[in-house]
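Engineer: Here you go, sequence then predicted model.
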Amino acid sequence: MKLNEISDNPGATKNRMRVGRGIGSGKGKTAGRGVKGQKARTGVSIKGFEGGQMPLHRRLPKRGFNNLYAQDLNEVNLGRIQEAVEAGKLDKAATVTVETLVAAGIIARPRDGVKLLGVGELTAKLSFEVTRASKSAIEAVEKAGGSVTVAFATGVSHRGGAKAEATA
């Protein structure tokens, strides 16, 4: 094989479209840009421009704020946990954490942690290690003979801000 015999696979490369080369080419006149004027030129951005009038996005007032320290938590009800235990997806002996909930398919991804909510009935004796828990959830777990450890997640949130560090 010689260097001049090397070629790409058939169909791997495409010839570029030659625009502005006559009406018969299908890409003549406006060369696929469709309009004359500013929109037909390169390097011009006119998004939101209203002909010199104050644009709508600047006329409207700003509302609210974005909390840098907000946590995006998965909310899990006790009834859902009980269903998973009965289906054999969760081990009664192991501590229920974010990782075990993801492995069991109860939550899709870890996010910033898990908040345990008290909706539903829990009969299995389980120990939980979660980011947050409601009072009703803690009472229901302790009534069933289990325990809840609330450990606030630390580090940096996926939103870009630092998470609040606290002890329960």
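Structural biologist: Cool, got the structure.
Engineer: element containing the most centrally placed residue in the chain?
Structural biologist: Central residue of the chain (Cα atoms, centre = their mean): Arg111, 8.3 Å from the mean position. Assigned by DSSP states H and E, Arg111 falls within no helix or strand.
Engineer: Distance check, it against Leu101.
Structural biologist: 11 Å (Cβ to Cβ, to the nearest Å). Every residue, glycine included, has its C-beta placed from N, CA and C.
Engineer: Quick check: neighbours shared by those two?
Structural biologist: Jointly contacting Arg111 and Leu101 under the rule Cβ atoms under 8 Å, 6 or more residues apart in numbering are Asn74.
Engineer: Is it correct that the residue nearest to the centre of the chain is in contact with Glu75?
Structural biologist: No - with contact defined as Cβ atoms under 8 Å, Arg111 does not count as touching Glu75 (10.3 Å).
Engineer: rewinding a little: for the residue nearest to the centre of the chain, which non-adjacent residue is spatially closest?
Structural biologist: Nearest non-adjacent residue to Arg111, counting by Cβ to Cβ, 6 or more residues apart in numbering: Asp72, 4.8 Å away.
Engineer: Could you tell me how many residues sit around the closest residue in space to Arg21 that isn't next to it in sequence?
Structural biologist: Take Arg21 and drop its neighbours on the chain: the residue closest to it by Cβ to Cβ, 6+ apart is Gly28, 6.3 Å away. Neighbour count of Gly28, defined by other Cβ atoms under 10 Å: 13.
Engineer: mind checking pLDDT for Gly28?
Structural biologist: Per-residue pLDDT puts Gly28 at 88.
Engineer: so how far is Gly37 from it?
Structural biologist: 18 Å.
Engineer: my guess is Ala151 meets Arg132, correct?
Structural biologist: No - with contact defined as Cβ under 8 Å, Ala151 and Arg132 do not form a contacting pair (9.5 Å).
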